[in-house]
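# take a look and give me a structure for this.
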Amino acid sequence: MKKNYSTTIHLPVVSVANEAIVAIPHNFVIDWSDFHIAALWVKIGWTKKKLLLWQDVLEISNGWYIQSEEALSNEEELIRLQPVLEKAFTLKGSLCKTLSGMYVGKVSDFTFDVETGQILKLMIVNRAIQALVRELMLPVSAVKKVEERVIIVEDLDKPITIKETTAKVPIPSPSYV
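Residues are numbered from 1 along each chain as shown. Predicted coordinates for the structure are as follows:
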């Protein structure tokens with residue numbers, strides 16, 4: 001099942017054991033090596049922040065369901081996640097450019113697989129082309145490099161090549177009688 005960032009970031013974190021809201025999502029922590037969501041920063045109260053590892057999420061429907069509050073961790077406790085946290089930045093709002101340096105737009109949303117946390121598509125908005133298309137959807141396979149707050153994708157104006165093995169299809173002519 002696929003979900004979007006914009007439809008899930010405002011859902012509460014709910015403990016199945018307590019049947020209570022225990023936190024509110026704040027930001028996704030993305031592992032840029034393979035574009036999957038490694039964890040979720042959550043807020044408890046006004047100021048306290050903790051991490052919720054992706055594998056501790058039981059379900060995402062009308063909330064982020066976890067077994068109990070014990071699934072929430074402090075940053076210091078997650079030593080294996082430190083390299084990912086050092087490179088972390090908010091994907092939404094990040095600039096998107098091509099390899100040749102052409103500005104594509106800003107990431108307005110993204111789609112991910114609920115089971116694996118794998119990011120599947122990026123939605124890019126560009127005010128200059130908004131009259132033609134509201135958002136440009138790019139598969140993650142188009143991403144070539146990630147720098148701090150900049151997503152570099154392959155050039156978008158690649159010529160279409162027709163393979164020699166492609167068969168010609170006859171197009172029926174209209175009959176105007």
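
# the residue nearest to the spatial centre of the chain: which element?
Residue closest to the average C-alpha location in the chain (Cα atoms, centre = their mean): residue 110, at 3.9 Å. Using DSSP states H and E, residue 110 sits in strand 103-113.

# which residues sit against that strand?
Residues from elsewhere that reach strand 103-113, judged by Cβ atoms under 8 Å, 6 or more residues apart in numbering: 1-6, 37, 91-98, 118-126, 129, 135-136, 151, 153, 156. In short, each C-beta sits where N, CA and C put it, glycine included.

# return the members of the residues you listed classed as buried.
Applying 16 or more other Cβ atoms under 10 Å to the contacts of strand 103-113, the neighbour count classes 5, 37, 91-92, 94, 96-98, 119, 121-126, 135-136, 151, 153 as buried.

# can you tell me which of those residues are in helices?
Among the buried ones among the contacts of strand 103-113, the residues falling in helices (DSSP state H) are residue 5.

# can you pull out the helices in the protein?
Secondary structure of the chain (DSSP H): helices located at 5-8, 82-86.

# what packs against the shortest one?
Counting contacts by 3 or more Cβ pairs under 8 Å, 6 or more residues apart in numbering; DSSP states H and E, the secondary-structure elements packed against helix 5-8 are strand 103-113.

# would you list the helices of the chain in a markdown table and tack on mean pLDDT and distance to residue 146?
Formatted as a markdown table, those follow (pLDDT from 0 to 100; distance: least, Cβ to Cβ, whole Å):
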| stretch | mean pLDDT | distance to residue 146 |
| --- | --- | --- |
| helix 5-8 | 92 | 16 |
| helix 82-86 | 87 | 12 |
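
# wait, which of those helices is closest to residue 143?
Residue 143 lies closest, by Cβ to Cβ, to one member of these: helix 5-8, at 15.7 Å.

# for that closest one, which outside residues touch it?
25, 28, 60, 64, 91-92, 109-112.

# how does it look with 7 Å?
Outside helix 5-8, the residues that touch it by Cβ atoms under 7 Å, 6 or more residues apart in numbering are 28, 60, 92, 109-110.

# closest to residue 49 among those residues?
Closest to residue 49 out of the contacts of helix 5-8 is residue 28 (13.4 Å), distances taken as Cβ to Cβ.

# was I right to think that closest one contacts residue 35?
No. Contact criterion Cβ atoms under 7 Å: residue 28 and residue 35 do not qualify, at 11.3 Å.
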